[in-house]
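*Asks:* just coords:
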């Protein structure tokens, strides 16, 4: 097993009797996934993805195309811009930072620099990226990822970057540099791609955005970063096997977090020990927050990176409001040896550590913190991951996806919809003046509400 | 006023009567700061900092030394490594990213590249930074920031970078490249600096780490980034004047968040609209989390960046557990004009926006979101900041600091201590085998507890 769950530091907060009492619900939640009988069951395509990429000829061919396109981009591009928001960028960015580091664009490496665009409406960020791309000696390629092609943020970014590419390289040159990941059969973005001859990849109908990292949505940008996507899929396949087994840690994780919620905890903090996992935490927050935060329910998902944040949120976790629990995700393998240098003056009083690897301190910080926080009244679910490699990453992605589906059903919600995301969008389109009588009527209502607010 | 608070979207959650009822407590909290009569009043040095840097000759001279050192570093160094953790790096990093962008090291600019070290125990991150610094054509300088000189993370990083500098440049060369920010009078780090001839700066005794951004702790690295620290101090001075005035928005912010806490809200989400503010949010989380998270109390501080996270935590905020409120921090000035390009095919259906600046969409997303979330049952405190410049940043830092002190006293805690941070440290030192009978006894106890846990 690449990942192991240890629940010893939840003792005293939940008991064996709690597990027994929730067991029938857990069985029913798992059955909903198995039988495709639960709410949102049209979106269970992610369950078998790792197997499909090995057995289904269409999927096998798709994977080959992804690798071929990635190889082309790697060998010809200097800057690769990934345009997408939410589930259309978080998984890829999480994988690239985890395998290559947060500073991957600053560390010399093979392959192009990779930037993520279309995930905000910031003029500042967009202008900065356009400036980076304005160096005409750099060959720029773009992957636009949007199921509908109509989401505002990526749509605007695609307008800007298509414009840049067509002006710099002409229509023919742009054709070689634009890769479109969108719906299989519908939409004007697909029509445009066909008309212009852009290479396309499919966002499957039965996989929601936040579950899409192991589809072309995530796999193409990840492969462009030189990451072994086969190993990731192998890890995910193993996670699938383990998740579906009777002694499933993914199911156990779902059960524990629901028991802690029922016991009165309202915030789950994902704690990692490496900045390379910061975006994995962001991906996890979307996965759980968007799957469960509805009908007035759900644990609030937060994250910290230790030991960094022991000097920030550590005080709160140790002694603040006792409505939190931690899920600690720790990488077990010993990192490359970086010994603590000698200092004859022992300025810091740490000379007793000289010659020990830095990893020795980090591991003991991890153990020390679990014991301190648990003693401070914070349940700790401990997840240990074998190594910081592709196989383990694929395992981790699938583990959290499966656990999330089970957890959502245990909570009594549809883990696959996101009805609340429309509220601000409707307001925004109306305020922007999108044509349509309904928009206009809403616009008038909103303007009236804003007038009295006097925000500007 | 650089910053304005609008509380219209807290109506229905808290009332005028609530304000009246808390007013005596608010007055008493403010008096504790004014009279230095509250818990932790030895740590109120930050209150008058902006004035001291204008009026106190010692402080004026210190400021001149900071600027001189920054100029030297800017004109001679290619890579500037800032070693510090918690309050010893968050403020500086927040300022640099806010003024220069998250990607400041990738955007060509004047002055050295700036990296932050000693804020984790990650071998991966440390080795990557050493690799970046291993290019012998780059001139590397270091600023180590540590009051005691004994905090593990910066201490280990300083060992590594001092070693690198002494080996590459010799003792004399290292002397020119090491800048030490530490206690005024005590400690082995100060002794070392005096012995070796490193230039030193003072961490004041009466300013805690999380309140130290406007001391040499923050000001030196910020100045090295080419940021106008005088303008920051001017902004902070204006914030001080406003905070101490009868109609103080900082005091009002403190009152509102405590009223929302008492009304049953347990999580405060700081929402911004620019990635350049991500580290300001991290700085804010330390400030509030560490000041208030004690005695089993405190709002849990979380953060999001919109519109990015509307596609991640947006669902939860709109429809999840109703125990949250948002503090929305929005920059009012119109960003440089970036017009939406035309697309004759109108692939995304957004052609009605053609020619409008991107900022127009962003501003309407902000308004749309406030209305949607408020209607969804989430109180919104709205803070509008005039511009993304040094003056406004200085104002913002001081605003939050002052509000935090008032808020902590309203909550009934000492806003200036952090007793809970010791718990994991004591465990860690024991597990690492730090000499001493107490450590050894604790070590035996902890090892016994860990043995049965079987984590590895």
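*Replies:* Yep, that arrived. The structure displayed is predicted, hence computed values, not measured ones.
*Asks:* only C-alpha atoms from now on, for both contacts and neighbour counts.
*Replies:* Fine.
*Asks:* run through who's touching the longest helix along chain A.
*Replies:* What stands out as the longest helix in chain A, according to DSSP state H, is helix A:152-175. Helix A:152-175 is contacted from outside by A:83-85, A:117-121, A:126, A:140, A:142, A:144-146, A:149, A:177-178, A:196-198, B:340-343, B:348, B:350, using C-alpha atoms under 8 Å, 6 or more residues apart in numbering or on different chains.
*Asks:* try it again at 7 Å.
*Replies:* A:83-85, A:117-121, A:144, A:149, A:196-198, B:340-341, B:348 (C-alpha atoms under 7 Å, 6 or more residues apart in numbering or on different chains).
*Asks:* let me see the mean pLDDT of that helix.
*Replies:* Summarised as a single mean, pLDDT over helix A:152-175 is 97.
*Asks:* also stretch A:50-61?
*Replies:* 97.
*Asks:* and the end-to-end length of it?
*Replies:* Stretch A:50-61 stretches 14 Å from its first residue to its last (C-alpha to C-alpha, to the nearest Å).
*Asks:* please state the offset of that stretch from the chain centre?
*Replies:* On the basis of C-alpha atoms, centre = their mean, to the nearest Å, stretch A:50-61 sits 23 Å off its chain's mean C-alpha point.
*Asks:* give me the buried positions along that stretch.
*Replies:* Buried residues in stretch A:50-61, defined by neighbour count with 16 or more other C-alpha atoms under 10 Å in any protein chain shown: A:50, A:51, A:52, A:53, A:54, A:59.
*Asks:* nearest residue to residue A:276 other than its sequence neighbours?
*Replies:* residue A:98 (4.6 Å; C-alpha to C-alpha, 6 or more residues apart in numbering or on different chains).
*Asks:* roughly how far apart are that neighbour and chain B?
*Replies:* Using C-alpha to the nearest C-alpha, to the nearest Å, residue A:98 is found at 11 Å from chain B.
*Asks:* and the strands in chain A?
*Replies:* Secondary structure of chain A by DSSP state E: the strands cover A:3-6, A:79-83, A:113-117, A:140-145, A:178-182, A:199-202, A:267-272, A:300-305, A:324-331, A:380-385.
*Asks:* coming back round to it: mind putting the buried residues of stretch A:50-61 into TSV with distance to chain B?
*Replies:* As requested, the buried residues of stretch A:50-61 are exported to TSV (distance: C-alpha to the nearest C-alpha, whole Å):
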residue	distance to chain B
A:50	24
A:51	27
A:52	27
A:53	27
A:54	30
A:59	28
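*Asks:* contacting residues for the residue most central in space within chain A?
*Replies:* Most central in chain A under C-alpha atoms, centre = their mean is residue A:283, positioned 2.2 Å from the mean C-alpha point. When contacts are counted by C-alpha under 7 Å, 6+ apart, residue A:283 touches A:90, A:91, A:94.
*Asks:* go again with 6 Å.
*Replies:* residue A:90 (C-alpha atoms under 6 Å, 6 or more residues apart in numbering or on different chains).
*Asks:* identify the residues contacting the residue lying closest to residue A:373 once chain neighbours are set aside.
*Replies:* Using C-alpha to C-alpha, 6+ apart and skipping residues adjacent in sequence, the residue nearest residue A:373 is residue A:318, 5.4 Å away. Contact analysis of residue A:318 by C-alpha under 6 Å, 6+ apart lists A:373, A:376, B:420.
*Asks:* still on that earlier bit, between strand A:113-117 and the longest helix of chain A, find me the angle.
*Replies:* Going by axes from the mean of the first three to the mean of the last three C-alpha atoms, to 10 degrees, helix A:152-175 is angled at 140 degrees with respect to strand A:113-117.
*Asks:* so residue A:292 sits against residue A:301, correct?
*Replies:* No: counting by C-alpha atoms under 6 Å, residue A:292 stays clear of residue A:301, with 9.9 Å between them.
*Asks:* okay, now the unreliable bits of chain A?
*Replies:* By pLDDT under 70, the low-scoring segments of chain A are A:334.
*Asks:* can I see the domain layout of it?
*Replies:* Using automatic domain parsing, the domain parsing of chain A gives A:3-37+A:232-411, A:43-227, A:421-450.
*Asks:* chain center to the last one: distance?
*Replies:* Going back to what we said before, that points to domain A:421-450. Using C-alpha atoms, centre = their mean, the offset of domain A:421-450 from its chain centre is 30 Å.
*Asks:* quick one: buried residues of that domain?
*Replies:* Neighbour counts using 16+ other C-alpha under 10 Å place A:421, A:423-432, A:434, A:439-440, A:442-443, A:446, A:450 of domain A:421-450 among the buried residues.
*Asks:* so which of these are in helices?
*Replies:* A:421, A:423-432, A:439-440, A:442-443, A:446, A:450.
*Asks:* near chain B, which of these show up?
*Replies:* Among these, the ones lying near chain B by C-alpha under 6 Å from any C-alpha of the partner chain are A:421, A:423, A:424, A:427, A:428.
*Asks:* any chance of those in a markdown table, plus distance to residue A:243?
*Replies:* A markdown table is the format used below for these (distance: C-alpha to C-alpha, whole Å):
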| residue | distance to residue A:243 |
| --- | --- |
| A:421 | 30 |
| A:423 | 35 |
| A:424 | 36 |
| A:427 | 41 |
| A:428 | 41 |
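*Asks:* ok, back up a step: distance to residue B:232 added to the contacts of residue A:318, as JSON lines?
*Replies:* Shown next, in JSON lines, are the contacts of residue A:318 (distance: C-alpha to C-alpha, whole Å):
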{"residue": "A:373", "distance to residue B:232": "38"}
{"residue": "A:376", "distance to residue B:232": "39"}
{"residue": "B:420", "distance to residue B:232": "32"}
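*Asks:* make a markdown table out of the residues you listed and add neighbour count and distance to residue B:336.
*Replies:* Below are the contacts of residue A:318 laid out as a markdown table (neighbours: other C-alpha atoms under 10 Å in any protein chain shown; distance: C-alpha to C-alpha, whole Å):
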| residue | neighbour count | distance to residue B:336 |
| --- | --- | --- |
| A:373 | 23 | 47 |
| A:376 | 17 | 49 |
| B:420 | 23 | 45 |
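*Asks:* out of those residues, who's nearest residue B:386?
*Replies:* Residue B:386 has its nearest neighbour among the contacts of residue A:318 in residue B:420, at 37.0 Å by C-alpha to C-alpha.
*Asks:* residues in contact with that closest one?
*Replies:* A:315, A:318.
*Asks:* of the contacts of helix A:152-175, buried ones?
*Replies:* Here, 16+ other C-alpha under 10 Å leaves A:83-85, A:117-121, A:144, A:149, A:197-198, B:340-341, B:348 buried among the contacts of helix A:152-175.
*Asks:* so residue A:390 sits right up against residue A:230, yeah?
*Replies:* No: counting by C-alpha under 6 Å, residue A:390 stays clear of residue A:230, with 8.4 Å between them.
*Asks:* where along the stretch 1-150 of chain A do the helices fall?
*Replies:* A:16-34, A:49-55, A:57-76, A:90-100, A:123-133 (DSSP state H, counting those that start in this stretch).
*Asks:* relative orientation of the third one and strand A:113-117 in degrees?
*Replies:* By that I understand helix A:57-76. Using the same axes, to 10 degrees: helix A:57-76 against strand A:113-117 is 120 degrees.
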